[in-house]
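Colleague: Got a sequence here, can you model it:
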Amino acid sequence: MPKFILILCAALILFTFPLRAQTWEVGGSAGAAGYIGDFNPANPLKFTDPAYGVFIKRNFNQFLSVKINYTHATISGADSTSSNQQLRDRNLSFSSTLTELSLMGELNFLPYIPQIGRNKFTPFIFLGIGTVKYNPVATYQGEDYELRPLMTEGQTKPYSQSALAIPYGAGIKYNFAGQWNLIVDLGYRTTNTGYLDDVNGLYADKSSLPNNLSRTLSDRSGENSGVYIGSAGSQRGNLRGADTYMFLGFSISYTFLTRKCYTFN
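Modeller: Modelled structure (predicted):
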């Protein structure tokens, strides 16, 4: 997995810097996940499912830090809940687990070191690189089916199980007691895949699909009406080329201070 190797190598380089005037921080998070794609074309604040994670952070000084972050989440969508009649007619749905490993840099707007710093809080922004593993499934007649191996849009081979992710966002951290921090952040992940939801392009010629289940789940428009709209070559997805997912996180962390940390009057 080249992307994992890239992240880990960069982390090893950064985490072997001298320790002077630096601190370690560990924490855990819980919150909500959502995505922007074929089932949610435009709402950047539509959170549908839970997310949780852990992280380890290196604070280089009162402004800059780098962290390794692991997050596990679920995203989902269903045309049946849309206000758009065209999407309701399409009648597709999905859910997918997401497993993300990322390396992110943080920049505090105010000088911040818990317990010994003069500021009890600071806004911050972050940017990074990561990889996410995903596995869209659909429920049909009470059973869950993995969509990737079904090649529902007539792919010549299944799309990748993982994608590049570019995390970015902003938040606020608050030193609520001693070396303990409360952190709230909103982050988005731009990916290089349009298949987080198994929907991206055009309807395939059903005769080219590998089996009956593929044909059934590629076009579900007629399940209620009896009228199927998925003719070969017509638009199935929004053709935007890449999906985005997002997390709203609430974290608690503990900072390990050393005698070499800066102090303030």
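
Colleague: Check the gap between the nearest residue to Asn43 once chain neighbours are set aside and Gln86 for me.
Modeller: With sequence-adjacent residues excluded and distances taken as C-beta to C-beta, 6 or more residues apart in numbering, Asn43 is closest to Ile36, at 7.3 Å. Placement of C-beta: from N, CA and C, glycine included. Distance, Ile36 to Gln86, using C-beta to C-beta, to the nearest Å: 18 Å.

Colleague: how about the strands of the chain, start to end?
Modeller: For the chain, applying DSSP state E gives strands covering 23-36, 47-59, 64-78, 93-108, 121-140, 143-146, 162-177, 180-191, 244-256.

Colleague: Of these, give the one that comes closest to Gln115.
Modeller: For the strands of the chain, proximity to Gln115 was assessed by C-beta to C-beta; strand 162-177 is nearest, at 6.7 Å.

Colleague: Which neighbours in the sheet does that closest one have, and how are they oriented?
Modeller: strand 121-140 (antiparallel), strand 180-191 (antiparallel) (DSSP bridges).

Colleague: okay, the ones you listed in JSON lines with mean pLDDT and mean neighbour count next?
Modeller: Below are the strands paired with strand 162-177 laid out as JSON lines (pLDDT from 0 to 100; neighbours: other C-beta atoms under 10 Å):
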{"stretch": "strand 121-140", "mean pLDDT": "98", "mean neighbour count": "18"}
{"stretch": "strand 180-191", "mean pLDDT": "98", "mean neighbour count": "19"}
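
Colleague: Make TSV out of these and add distance to Leu213.
Modeller: Output for the strands paired with strand 162-177, formatted as TSV (distance: least, C-beta to C-beta, whole Å):
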stretch	distance to Leu213
strand 121-140	8
strand 180-191	26
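
Colleague: quick one: which of those is nearest Ser234?
Modeller: strand 121-140 (19.7 Å).

Colleague: Would you mind getting the angle between that closest one and strand 244-256?
Modeller: 130 degrees (axes from the mean of the first three to the mean of the last three C-alpha atoms, to 10 degrees).

Colleague: Run the chain-centre distance for strand 121-140.
Modeller: Here strand 121-140 is found 2 Å from its chain centre; the criterion is C-alpha atoms, centre = their mean, to the nearest Å.
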